[in-house]
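[1] structure here, sequence nowhere to be found:
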């Protein structure tokens, strides 16, 4: 190894040590632990494009996403729509070139523990799922995507992740869920999915992960997912029904440990123990009052006896945006300050679809949505994504 490389390696090690020391000091100072979710919109149309972009430190979108994270400094964070790369190459480049560098006057942040894994998006089924007489399009994959791993997920944590105890449900078949809302042809009443499709089709459009986080004195199961949007289909409402059942998976998982249909990718059946602490996080693509959800999907969690939904994250920026943008926002019934996503004002309007929901065993100190109003610090960062970072603080 050359002297230059030795010096470079030494500086990297020194940086990591100093960052780790600073992170531990910061954690010790805060009387709470912050959990967050953020649909970062760090997805690209071609495989490898995100990795190539993150290898350089000059992506304006990535800089803004990093600035938001550095500003809020969550301890445990789920990123949705972050393209998956084998061996976590994109995650490493993201940490080195963006989170590890101060953005827009913010301080760098180190996540010593990370988890990412394959998702269903872009993985071909070989079956014509959308009835367009083709079997190789993005809608014919297990989850909508132009290549395997598009719209992936990443968990970043400043506390240890219990890697050996992670459970994933990527391959769980939709038909295996009792009373599943499998779509029907509205004209004939017959099953929309062919017998061949039902035999292989998976419930999760990306994946469902139970990632145990070792906090001081307790383990918290970080339940991460990103259900399909309940739109972009036809009168059979196949995406709306799938979204409902993807959310139901977590409702069933936290309801009872003896839930035999919930067989994970390692072949282990059952849900979460009744005494387990958990936080459900992700872009769940379901608003409690507005939008196109099927069967009041998100209420399966908001009304769940094990979910602490006493705090609803909010922001003044969302309230302001709803008023300024008008149109579809004017006809909505939900409170605009609870919105977490800025969508087309002509057809959809802004919605609350991103959630961080802890178990009733975890006391919430505070919560929020990072949506600064005009003129407030950070307002010029939020155009990095059509979603906003949502966070809750749990008392230690």
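    Sure, I can see it. What you are looking at is a predicted structure, and each value in this text was computed from that prediction instead of being measured.
[2] all helices of this structure, in order?
    Along the chain, the stretches classed as helices by DSSP state H are 3-29, 49-54, 60-72, 89-94, 195-200, 238-255, 299-302, 316-325.
[3] which of those helices sits most buried?
    helix 238-255 (a mean of 23; mean count of other CB atoms under 10 Å). All C-beta atoms are positioned from the backbone trio N, CA, C, and that covers glycine.
[4] average pLDDT for it?
    Averaged across helix 238-255, pLDDT comes to 98.
[5] what's stretch 134-145 in contact with?
    Stretch 134-145 is contacted from outside by 119-130, 132, 146, 151, 201-202, 204-206, 228, 232, using CB atoms under 8 Å, 6 or more residues apart in numbering.
[6] again, but for stretch 290-302
    For stretch 290-302, the external contacting residues (CB under 8 Å, 6+ apart) are 181, 230-231, 237, 240-241, 243-244, 247-248, 250-251, 280, 284-288, 307, 309, 332-334, 348-349, 351, 353, 355, 357.
[7] hmm, which of the residues you listed are the buried ones?
    Buried members of the contacts of stretch 290-302, scored by 16 or more other CB atoms under 10 Å, are 181, 230, 237, 240-241, 243-244, 247-248, 250-251, 280, 284-288, 307, 309, 332, 334, 348-349, 351, 353, 355, 357.
[8] who does residue 357 bridge with?
    Judged by DSSP bridges, the bridge partners of residue 357 are residue 280.
[9] if I pick it, what's in contact with it?
    Contacts for residue 357 (CB under 8 Å, 6+ apart) come out as 279, 280, 281, 301, 302, 307, 308, 309.
[10] from those, pick the one nearest residue 59.
    The closest of those to residue 59 turns out to be residue 281 (CB to CB; 24.6 Å).
[11] let me have the helices of the chain in TSV, adding distance to residue 169 as columns.
    Output for the helices of the chain, formatted as TSV (distance: least, CB to CB, whole Å):
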stretch	distance to residue 169
helix 3-29	30
helix 49-54	25
helix 60-72	27
helix 89-94	21
helix 195-200	16
helix 238-255	7
helix 299-302	16
helix 316-325	32
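[12] for residue 106, find the nearest of those.
    Residue 106 sits nearest to helix 60-72 of all those, at 3.6 Å, using CB to CB.
[13] average pLDDT for that closest one?
    The predicted confidence, averaged over helix 60-72, sits at 98.
[14] what sits up against that helix?
    Under CB under 8 Å, 6+ apart, the answer for helix 60-72 is 34, 36, 38, 40-42, 53-54, 77, 94, 97-99, 101-104, 106-109, 370, 378, 380-385, 389, 391.
[15] spatially central, which residue of this protein would that be?
    residue 282 (3.3 Å; CA atoms, centre = their mean).
[16] so what's that one up against?
    Contacts of residue 282 by CB under 8 Å, 6+ apart are 37, 78, 80, 153, 224, 225, 226, 227, 354, 355.
[17] for residue 319, same thing?
    Shown in contact with residue 319 (CB under 8 Å, 6+ apart): 336, 337.
[18] likewise for residue 153?
    If you count contacts by CB under 8 Å, 6+ apart, then residue 153 has 78-80, 82, 84, 116-117, 119, 206-207, 209, 224-226, 282 around it.
[19] sounds good, over and out.
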